[in-house]
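>>> Build me a model from this:
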Amino acid sequence: MTVTDHGPIRTFKYRRGRVTLAQQTALDTLWPSLGLDLSDSLLDPRALFGRTAPLVLEIGFGMGETTIALALAQPERDVIAIDVHTPGAGALLRGLSGEGLTNVRVGVGDALEVLRGMVPAGSLDEIRVFFPDPWPKTKHFKRRLFNPAFACLAASRLKPGGIVHLATDWRPYAEQALEVIEAEPLLVNDFGGFAPRPADRPVTRFEYQGLAKGHDVFDVIAHRLA
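Residues are numbered from 1 along each chain as shown. Below is the predicted model of the structure:
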């Protein structure tokens, strides 16, 4: 299987925000134990978490509320959470420490680079992409994360049976994701369309914002073939 490179086009935009004193303290004190320095070296999940467990990559965690809720509900799973928003990373680290959670590692940077250069092939049980930037303008469609190259890359990093899960309140994006999955030979949509909302998926901050605007929410879930 050939993985097509995305090239230099960014699929995210930096969100400005002031790092609070509490967030900076969390970054300074908790990074050595819960942070993930991004590099070109492949991750060793056992060395990172001290155990062998189902491994999840979360792309875009916002302020970390959903990451924390799922880590609490699924202590048997280990999570690599990546976002470009430094205040959010500080908030997530602080929240993880407050709950005594050790099954999450937090990285700040481009999740695509992590997926390409740090995640071993066939190592992930799940890739979560909850409420990514929808890039609604036609001229920006090329910046959407969920495109054929991403689907191919994601499939290469999933274990057989592993899932990729997109949630969005932007219907055109959800429809594009369905088309992308249908075109990727190693991904199968068991639902034949949008999936029922999983009961264990917490409502995210961005989801609340979408619902407040009257948007519907769509889940797209596919699994990798053996």
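
>>> all contacts plus neighbour counts: C-alpha atoms, from now on.
OK.

>>> residues making contact with stretch 186-204?
Contact with stretch 186-204 is made by 65-66, 69-70, 151-152, 155, 178, 181-182, 218-226, as judged by Cα atoms under 8 Å, 6 or more residues apart in numbering.

>>> What's the PyMOL line that selects buried ones from the residues you listed?
Buried members of those, defined by 16 or more other Cα atoms under 10 Å, are picked up in PyMOL with:
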select buried, resi 65+66+69+151+152+155+178+181+182+218+219+220+221+222+223+224
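
>>> mean confidence score for the host helix or strand of Leu211?
Here Leu211 sits within helix 205-212, counting by DSSP states H and E. For helix 205-212, mean pLDDT is 87.

>>> Helix or strand next in line after it, which one?
Later in the chain than helix 205-212, the nearest helix or strand by DSSP H and E is strand 218-224.

>>> Which strands and helices lie in contact with that next one?
If contacts are counted by 3 or more Cα pairs under 8 Å, 6 or more residues apart in numbering; DSSP states H and E, strand 218-224 sits against strand 158-168, helix 171-183, strand 187-188.

>>> at 6 Å instead, please
strand 158-168, strand 187-188 (3 or more Cα pairs under 6 Å, 6 or more residues apart in numbering; DSSP states H and E).

>>> Just want the angle from it to helix 171-183.
Taking axes from the mean of the first three to the mean of the last three Cα atoms, to 10 degrees, one finds that strand 218-224 is oriented at 10 degrees with respect to helix 171-183.

>>> Quick one: mean pLDDT for strand 218-224?
On average, strand 218-224 scores 98.

>>> got CSV for the helices and strands packed on strand 218-224, with mean pLDDT, mean neighbour count and distance to Leu211 too?
Output for these, formatted as CSV (pLDDT from 0 to 100; neighbours: other Cα atoms under 10 Å; distance: least, Cα to Cα, whole Å):
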stretch, mean pLDDT, mean neighbour count, distance to Leu211
strand 158-168, 97, 22, 11
strand 187-188, 98, 24, 28
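
>>> Which of those strands sits closest to Asn147?
strand 158-168 (11.9 Å; Cα to Cα).

>>> Restricting to C-alpha, output stretch 194-202 in CSV.
Taking Å, rounded to 0.1, in the frame of the first residue of the first chain, the C-alpha atoms of stretch 194-202 are listed here in CSV:
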residue,chain,number,x,y,z
PHE,A,194,-23.5,7.8,9.3
ALA,A,195,-23.1,5.8,12.5
PRO,A,196,-25.5,6.1,15.4
ARG,A,197,-24.0,8.4,18.0
PRO,A,198,-21.9,6.2,20.3
ALA,A,199,-23.3,6.4,23.9
ASP,A,200,-19.7,6.5,25.3
ARG,A,201,-18.6,9.5,23.3
PRO,A,202,-18.8,12.6,25.5
